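S.K.: Need a 3D model of the following:
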Amino acid sequence: MKALPPALQAHLDEGTTTLAWCWRIVRADGVTLGFTDHDWTLTFDGTDFEPESGFAASEVRSGSDLSVDAQDAQGVLSSDRITETDILDGRWDNAAVEVWRVNWAATSQRVLLRRGAIGQIRRGRLEFVAEVRSLAHVLGQTVGRTFQATCDAALGDARCGVNLEAPAFKGTGAIIDLLRDRAFTASGLGGFTSGWFTFGTLDWTSGANAGRQAEVLSHDLVDGVAVLTLLEAPVRAIAGTVTFTIRAGCDKRITTCGTKFANVANFRGFPNIPGQDAVLRYATTDGGHEGAVL
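M.R.: Residues are numbered from 1 along each chain as shown. Sure, this is the predicted structure:
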């Protein structure tokens, strides 16, 4: 149960109220934005809450258990502060949200009703709907390590230890020909074997997507020319001779860790622990199924 400030409680007791909703959103890139459903700008705590955004909210869906409370925030894509490009770029993903109830006639009379984060975003042609999840959504995330056959470290992080800036694992190239919206041939990568950059990352260094990163789904060689397919099409269409930096990928198997990176000492998986498939095996004499110690 929340305790209301005395001045706000006195205002509510009057019967006739002047209340508005305000949302403060702090994106991962540090940008702080304020929105309100009132018809003019409200200001408090150093944030201007603007009404021109076309921002509105649904009812709050909550329960008495530990399930994730949710509320939908709806906005118009044509807003100067909420753009389709920013949504596609992921700048709103997991942004911190504060929901305030404010007396618009005296903004010092306000109460913070809930905190949460931006969850799923559904986009339409003219508007978007963003799910505002309560802090309970953190309880559903995996914490700690997972016992699995594959490695649970991110390639190149402190636990992995592989230096992705080494010339053997890093390349630069330029687009030769666009095959599809997320597939293209590239120059500058002829010295790398097929599949070397599969599951790797690609950083655009020029063009409309400069400064953004993409995941590589596959890397093939056709007549000595590299063919790259991205996991998702870039936010902005690829046009012209665009350059990029690409880094090697890993499929998280111990065999790859040893042969490609010589890094078995830092492998973070458990390849010798029998999995669920062991229950379904039947005894054979071809090796590995005869019941001997692994």
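
S.K.: which of the residues in the helix ranked longest in the chain are buried?
M.R.: Counting residues, the longest helix found in the chain (DSSP state H) is helix 6-13. Of all the residues in helix 6-13, those buried under the rule 16 or more other C-beta atoms under 10 Å are 8, 11. Using the backbone N, CA and C atoms, a C-beta is placed for each residue, glycine as well.

S.K.: and if you look at stretch 245-252?
M.R.: 246-250, 252.

S.K.: likewise stretch 189-207?
M.R.: For stretch 189-207, the buried set under the neighbour-count rule, 16+ other C-beta under 10 Å, comprises 189, 192, 196-204, 207.

S.K.: End to end on it, go ahead and measure it.
M.R.: Terminal residues of stretch 189-207 lie 19 Å apart, using C-alpha to C-alpha, to the nearest Å.

S.K.: Just give me how far that stretch sits from the chain centre.
M.R.: Relative to its chain's centre, stretch 189-207 lies at 21 Å (C-alpha atoms, centre = their mean, to the nearest Å).

S.K.: same check, this time on stretch 198-213
M.R.: 16 Å.

S.K.: ok, residues contacting that stretch?
M.R.: Residues outside stretch 198-213 that contact it (C-beta atoms under 8 Å, 6 or more residues apart in numbering) are 89, 155, 172, 214-219, 228, 230, 234-240, 242-251.

S.K.: at 6 Å what do you get?
M.R.: For stretch 198-213, contacts defined as C-beta atoms under 6 Å, 6 or more residues apart in numbering pick out 214, 216, 218-219, 234, 236, 242-249, 251.

S.K.: rewinding a little: return the distance of the longest helix of the chain from the chain's centre.
M.R.: 41 Å.

S.K.: Ok, stretch 199-215 next?
M.R.: The mean C-alpha position of stretch 199-215 is separated from the chain mean by 15 Å, C-alpha atoms, centre = their mean.

S.K.: now the end-to-end length of it.
M.R.: 7 Å.

S.K.: going forward can the numbers begin at 438, since that is how I track them
M.R.: I'll keep to 438 as the first residue from here, and by that count the last item is stretch 636-652.

S.K.: Okay, now the sheet partners of the top strand by length along the chain, with direction.
M.R.: With DSSP state E applied, the strand covering the greatest number of residues in the chain is identified as strand 547-560. In the sheet, strand 547-560 lines up against strand 533-540 (antiparallel), strand 564-571 (antiparallel) (DSSP bridges).

S.K.: Which of those strands comes out lowest on mean pLDDT?
M.R.: Of all the strands paired with strand 547-560, strand 564-571 carries the lowest average pLDDT, namely a mean of 67.

S.K.: Report pLDDT for the residue most central in space within the chain.
M.R.: Centroid-nearest residue in the chain, with C-alpha atoms, centre = their mean: D530, separated by 5.7 Å. For D530, the model assigns a pLDDT of 80.
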